[in-house]
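Peer 1: when you get a sec, could you give me coordinates for this:
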Amino acid sequence: MESSLTGSRMPDPASSPLGKHQSSANGNGDLDSEEGSSLEEIGFNWGEYLEETGASAAPHTSFKHVEISIQSNFQPGMKLEVANKNNPDTYWVATVITTCGQLLLLRYCGYGEDRRADFWCDVVIADLHPVGWCTQNNKALMPPDAIKEKYTDWTEFLIRDLTGSRTAPANLLEGKSIL
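Peer 2: Numbers count the residues shown, from 1 in each chain. This next block holds a predicted model:
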């Protein structure tokens, strides 16, 4: 094993996207204000990192401990209603960004291409519902606080955003059986 590591080129941490942000710290662990207030806001992109360093992603076969037979049948682009993270008594529409087995990466509608608020949830335990569930069950449909002021008419926004979109079928969300 040791001989296979000696021939590989280890990237310079200062040249990586993460290293660039760490090197701009002002000495006490804080990032300079023009760079942003946290690494979470900046985000780390493995695709960009691999491209910048010339490295290759590890093959899926390297992760034998991960169950690859789990298929959720959710597709990127599907819309669903999900409890607001900061106000669980209310719900908002989210888009499936990607799936990984029973995990979904979601983005609340209204964030556009902004990935900073994307979040993972487990299909089996998350409070997920098909579009229209809130109306049928008299639940409040409210945008997250961070984007509340972005649009003056959220009903009009949702009509435009949902028109022509794929919504997650109720059978994927009822009973939460994903296999």
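Peer 1: so which bits of the longest strand belonging to the chain are buried?
Peer 2: With residue count as the measure and DSSP state E as the assignment, the chain has strand 90-100 as its longest strand. Along strand 90-100, these residues count as buried under the neighbour rule (16 or more other CB atoms under 10 Å): Tyr91, Trp92, Val93, Ala94, Thr95, Val96, Thr99. C-betas here are computed from N, CA, C, even on glycine.
Peer 1: same thing with stretch 155-170?
Peer 2: Phe157, Leu158, Ala168.
Peer 1: may I have the predicted confidence score for the last one?
Peer 2: Here, the pLDDT recorded for Ala168 equals 87.
Peer 1: that older thread, which residues touch the longest strand of the chain?
Peer 2: Counting contacts by CB atoms under 8 Å, 6 or more residues apart in numbering, the residues outside strand 90-100 that touch it are 72, 74-84, 104-110, 118, 127, 129, 131, 133-134, 139-144, 158, 161-162, 168.
Peer 1: report the buried members of the residues you listed.
Peer 2: Members of the contacts of strand 90-100 that pass the buried threshold by neighbour count (16+ other CB under 10 Å) are listed as 72, 74, 78-84, 104-110, 118, 129, 131, 133-134, 141, 143-144, 158, 168.
Peer 1: adjacent strands (with direction) for the helix or strand hosting Leu105?
Peer 2: When elements are assigned from DSSP states H and E, Leu105 belongs to strand 103-108. Each strand paired with strand 103-108, and its direction, by DSSP bridges: strand 90-100 (antiparallel), strand 119-122 (antiparallel).
Peer 1: rebuild those strands as JSON lines, extending it with mean pLDDT and distance to Gly47.
Peer 2: As requested, the strands paired with strand 103-108 are arranged in JSON lines below (pLDDT from 0 to 100; distance: least, CB to CB, whole Å):
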{"stretch": "strand 90-100", "mean pLDDT": "94", "distance to Gly47": "12"}
{"stretch": "strand 119-122", "mean pLDDT": "92", "distance to Gly47": "18"}
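Peer 1: could you dump those strands to a markdown table with distance to Glu51?
Peer 2: Conversion of the strands paired with strand 103-108 to a markdown table gives the following (distance: least, CB to CB, whole Å):
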| stretch | distance to Glu51 |
| --- | --- |
| strand 90-100 | 19 |
| strand 119-122 | 24 |
